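Q: have a look; sequence and predicted model below, questions after that.
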Amino acid sequence: MSDLSRLTGVGPKRVKILAEAGINTLRDLVYHLPRRYIDRTKFTPIAELAVGKDAIFPCTVRSIAMAQMRMMVTVEDGTGTAELVFFNGVQFLRNRFAEGQRMLIAGVPGSFRDQLQMVHPEFQAIKEGQEIKGEVLPRYPLTMDMSEAHVEHKFLQKIALEALQGFSFSDALAETHRRDLALLPEADLLRSLHKPASAEEIPALRRQLKVRELLPLSLRLEAVKLERRKVGSAWPVSEKLQNQLGAGLPFTLTAGQAEAVAEISAFQSSPGQFCGLLMGDVGSGKTVVAMLAAANVLEAGGQVALMAPTEILANQHHETLAPFLAKAGIRAGLLTGDTPKPERETLVSDLASGALNFVVGTHALYSGDVKFKRLGLAIIDEQHRFGVQQRLALSAKGGHPDILYMSATPIPRTLAQTVFGDLENFVLKDKPAGRLPVKTRLVPPEKRKDMLAFLFKEALGGNQVFWVVPQIGGKDGSIGDRSAKEPKSARPARLEKASEDPDIFVPLKRPEEDLASVGKIQAELTAFSPEWKVGIVHGKLPAEKKEAALNAFRKGELHVLVATTVIEVGVDVPQANLMVIESPDRFGVAQLHQLRGRTGRGTAQAWCFLSIPNREWPIETYDRIAGFAETTDGFKIAEMDLKSRGTGNLEGTDQSGYGGLRFTDLIEDFELTQEVRRYAERDVKSAVK
């Protein structure tokens, strides 16, 4: 039986409704906090009432009138008059009002025929000599089912306070931390948030809530940093091998790349385990930086492993790096799930003996039979695509090797310094010379034929096209939007507005529609012109067919490659400067940025067309997609993505999600996060002295 059923008024039906809103335990309940408050502690004279602005005021009933099943009550307070209108329960309400009676009225004024009017306001009779005062009303996130079952604001406040009064909760923070940071005990803080004494104290209460959320994370990160200083090896800077590898590059390093190599090398040569995060937009040259950092380990006889999330990306890295390494006498192996057994056995044996010093692979690298003689550097590409346990499984094989995470999905400074605060951060902002920003345009349905004509002409002229669709085929639910993975018990923050009431939400659901699919687009292009040579690639294709389609596209044998998001990373076709993304609202803006990054990898002007589906978008969706189209700055896009999606599961094994920091906004609360981190750093250091 649920603990919630022990609360007054919470029966089986309400237990079920609360569970559907993500409230399963007493702790869930007390942390289901108001999303906003209505301040009814200050009275507003009738003459100062404003349409749409909540107000409370004492007054006197001047007159009562009945007409066609409605009751109109005129009230006055010496500054002016207002009309109260009631449509429901009129016969009952008629006996609650009398001319000359003193009343306390609260609600949101409206206007009817240029006259101020309040429909069904809250009211309370004022007794002779009674002291009248208002209160601060909490407004909780509500689902439609909660509202219909009368699990509303006052009820939620009542049962939350009952839970805090009748049941004990162990405080998650140590008493020394609460004292140092002047924090209320957890139960007292929650009680005040559910029933604040005044509106003025709410900001300070919310700040304490955020500190309580940030501190455990910050303490863990600082403890990790401290432990790393005790383990690992120092790898001297190898300018000889770095120069040898750099000389084979077909381009000169950018200033940002050279600086990143120097900074990473300095950390590698210092005592302790080095862990860094190398961030840079698509095409900024992260792989080259990683290769030159690997030179320090290779020159000293250590081994390097580069792990990629997909076979496509692993193959791409191997094809790119192997020739450069071979010129320096270093063999690069490739280990994926499709590696033939005899070849795999040789690779595994060579890694264990130390005969192979550089290996590129997928998750196959952290298989139990894969062992290293002396793993000195683990490079993990597209780190956000691996869970924490997957990342740690590779690094655990080498006895605390240095770790370099790479991310082509730019991470906002606020998130990087808070969530990845235990890592050294490096950012590549400049791109190779000659590259032009990709021009992005929204294409409404009525302009689709014009887009097809333009692309057809360009394709026959040698400019290849990526055509991205959100699903493989039909209404099978295989959409590219990560929200498809969302659990049933999503928090109210992942609900969408259900009505004009700003506090009522319903579970997030996609409208049923016939989404563009691989087969549908292939048929449309072929019907437009049989001259178009169209290939397809998606996650359900056998590996050999997938690779054959990609190779044909790379060789220019195909005009168009119709694909799902399988091409999001690891596909480098410099002559493909055109992209169409169907139903872009089905993707997060960071994912759109990754997809768009498949183009613009040469010196020619690249274009990305966002095909708007034949239906209306909510204004928030249009603003999000239009905002993405207006910028190619990956870090601005990352902040947009952070605002729209939340922080994700910051320390867990999920690759994406909407858990993590529930109350802290990493953009707006950046200064607070830094303050908490500084305190955590001092606390951890003092604890080991």
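A: That came in fine, so what should we check first? Residues are numbered from 1 along each chain as shown.

Q: can you count the residues close to A300?
A: 16 (other C-beta atoms under 10 Å). Every residue, glycine included, has its C-beta placed from N, CA and C.

Q: nearest spatial neighbour of it, chain-adjacent residues omitted?
A: W235 (5.4 Å; C-beta to C-beta, 6 or more residues apart in numbering).

Q: for that neighbour, give me its contacts.
A: Neighbouring residues of W235 by C-beta atoms under 8 Å, 6 or more residues apart in numbering: 268-269, 296-297, 300, 302, 376-377, 402.

Q: let's go with 6 Å and repeat that
A: W235 makes contact with 268, 296-297, 300 under the criterion C-beta atoms under 6 Å, 6 or more residues apart in numbering.

Q: how about the secondary structure of the closest residue to L104 other than its chain neighbours?
A: Take L104 and drop its neighbours on the chain: the residue closest to it by C-beta to C-beta, 6+ apart is Q124, 4.5 Å away. Secondary structure assignment for Q124 (DSSP: H, G, I helix; E, B strand; the rest coil): strand.

Q: neighbours of Q124, how many?
A: 15.

Q: tell me if I'm right that it and I105 touch.
A: No - using C-beta atoms under 6 Å, Q124 makes no contact with I105, being 8.2 Å away.

Q: hmm, back to that, mind checking pLDDT for the residue nearest to L104?
A: pLDDT, Q124: 89.

Q: please apply the same query to V282.
A: So, for V282, pLDDT stands at 70.

Q: for it, list the residues it contacts.
A: Per C-beta under 6 Å, 6+ apart, neighbours of V282: 408, 597.

Q: go again with 10 Å.
A: By C-beta atoms under 10 Å, 6 or more residues apart in numbering, the residues touching V282 are 408-410, 431, 438, 568-569, 572, 593-601, 632, 634.

Q: what helix or strand is it on?
A: Using DSSP states H and E, V282 maps to neither a helix nor a strand.

Q: so how far is G535 from it?
A: For V282, the distance to G535 equals 22 Å [C-beta to C-beta, to the nearest Å].

Q: C608 now?
A: Distance from C608 to G535, by C-beta to C-beta: 19 Å.

Q: same deal with Y37?
A: Counting by C-beta to C-beta, the gap from Y37 to G535 is 57 Å.

Q: so the two - more neighbours on which side?
A: Higher neighbour count among Y37 and G535: G535, with 19 against 14, using other C-beta under 10 Å.

Q: before we move on, what SS does that one have?
A: Assignment for G535 (three-state DSSP): strand.

Q: likewise for M71?
A: strand.

Q: what's near enough to touch the closest residue to G398 other than its chain neighbours?
A: In this structure, G398 finds its nearest non-sequential neighbour in L375, 2.6 Å apart by C-beta to C-beta, 6+ apart. Contact analysis of L375 by C-beta under 10 Å, 6+ apart lists 297, 302-305, 351, 357, 359, 394-402.

Q: filter those residues to the buried ones?
A: For these, a neighbour count by 16 or more other C-beta atoms under 10 Å gives the buried set as 297, 302-305, 351, 357, 359, 394-395, 397-398, 400-402.

Q: do you know how far I264 is from V224?
A: As judged by C-beta to C-beta, I264 and V224 stand 19 Å apart.

Q: so between the two, which is more surrounded?
A: I264 (25 against 14).

Q: so the more buried one is in contact with D402, correct?
A: Yes - in this structure, I264 is within contact of D402 by C-beta atoms under 10 Å, at 8.9 Å.

Q: what touches both of those two?
A: With C-beta under 10 Å, 6+ apart as the test, I264 and D402 both reach 274, 276, 293-294, 296, 377.

Q: can you tell me which of those end up in helices?
A: 293-294, 296 (DSSP state H).

Q: among those, who's most crowded?
A: Counting neighbours by other C-beta under 10 Å, the top entry in these is A294, with 32 neighbours.

Q: and that one, what does it touch?
A: Neighbours of A294 in contact, by C-beta under 10 Å, 6+ apart: 235, 238, 241-242, 245, 264, 268, 302-306, 321, 325, 330, 357-358, 376-377, 379, 402, 404.

Q: in strands, which of the residues you listed fall?
A: Under the assignment DSSP state E, the contacts of A294 contribute 303-306, 358, 376-377, 379, 402, 404 to strands.

Q: now, which of these sits nearest T79?
A: Among the ones in strands among the contacts of A294, L404 lies closest to T79 (C-beta to C-beta), at 69.1 Å.

Q: how many neighbours does that closest one have?
A: 29.

Q: mind listing the residues bridging to it?
A: G276, I379 (DSSP bridges).

Q: what segments of the stretch 301-450 of the chain are helices?
A: With helices called from DSSP state H, counting those that start in this stretch, the stretch 301-450 of the chain shows them at 311-327, 341-353, 388-395, 413-419, 448-460.

Q: could you list the low-pLDDT ranges of the stretch 451-600 of the chain?
A: 473-514, 569-570 (pLDDT under 70).

Q: can you pull out the strands in it?
A: Using DSSP state E, counting those that start in this stretch, the strands found in the stretch 451-600 of the chain span residues 464-468, 495-497, 504-507, 534-537, 560-563, 576-582.

Q: nearest to D145, of these?
A: Within the strands of the stretch 451-600 of the chain, the stretch nearest D145 is strand 504-507; the backing value is 8.4 Å (C-beta to C-beta).

Q: most packed of the helices of the stretch 301-450 of the chain?
A: Highest mean neighbour count of these: helix 413-419, a mean of 21 (counted as mean count of other C-beta atoms under 10 Å).

Q: quick one: the longest helix along the chain to chain centroid distance?
A: As assigned by DSSP H, the longest helix anywhere in the chain is helix 202-228. Offset of helix 202-228 from its chain centre (C-alpha atoms, centre = their mean, to the nearest Å): 20 Å.

Q: for PyMOL, write a command that selects the buried ones of the contacts of V282.
A: The PyMOL command for the buried members of these (criterion: 16+ other C-beta under 10 Å) is given here:
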select buried, resi 408+409+410+431+438+568+569+593+594+595+596+597+598+599+600+601+632+634
